[in-house]
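**Q** model the following, please.
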Amino acid sequence: MLNRLSLFKAWLLLIVLAKALSISFPANAQIIQTNPQTQDSFQERIRQQQEEQNQQTQERMKETWLRQNIQQPQLLQSQQKIQQQEFTRQRQEMLRQQQFRLQQDQLRIQQQEFSRQQQLRIQDQQLRQDQQIRQQQEFRLQEQRRQQQLRQQNKNL
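**A** A predicted model of the protein is given here:
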């Protein structure tokens, strides 16, 4: 789009220059010289037209310069704003990722703690079962001894 616009402007400038050159071209001067009465007034008009064209060209150049110098800072400001927005977006994304990693780490730590607690419960339960089994075995042994003693006493009697 920008190239087409530049090409179009170049063609227009070329056409304007061609017209300006064709007015001051020596062939036209020869035609003008054929009529000596109008030669001075015609040359005066050509000079005035050239001055007007020069003034218009200068004004256009000034307008272009002003537009570029006014728009350029605005363009820079908008580019800076876009860059700041992009920086802010990237920073927010980085913070979001860090937050996510922290949450994952916390979840992993919680899972590890839960597993550790589970293992402790299982160990505790096994210890209780072992204790109960020992107590039962001890109770049976005592009962067997008592029964043996009773039998011994009954025999002795």
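**Q** the bottom helix or strand of the protein by mean pLDDT?
**A** Using mean pLDDT, DSSP states H and E, helix 26-33 stands out as the lowest-scoring helix or strand of the chain, at a mean of 49.
**Q** in what helix or strand does Glu63 lie?
**A** Under the criterion of DSSP states H and E, Glu63 resides in helix 36-156.
**Q** where does this protein have low pLDDT?
**A** Within the chain, the stretches with pLDDT under 70 are 1-2, 20-39, 70-75, 157.
**Q** how much space between the spatially most central residue of it and Asn3?
**A** In the chain, the centroid-proximal residue (CA atoms, centre = their mean) is Glu86; its distance is 4.3 Å. From Glu86 across to Asn3, the span is 27 Å (CB to CB, to the nearest Å). C-beta: built from backbone N, CA, C; applies to glycine.
**Q** likewise for Leu13?
**A** Distance from Leu13 to Asn3, by CB to CB: 15 Å.
**Q** of those two, who's got more company?
**A** Leu13 (12 against 7; other CB atoms under 10 Å).
**Q** where does that one fall, helix, sheet strand or coil?
**A** Following DSSP: H, G, I helix; E, B strand; the rest coil, we place Leu13 in the helix state.
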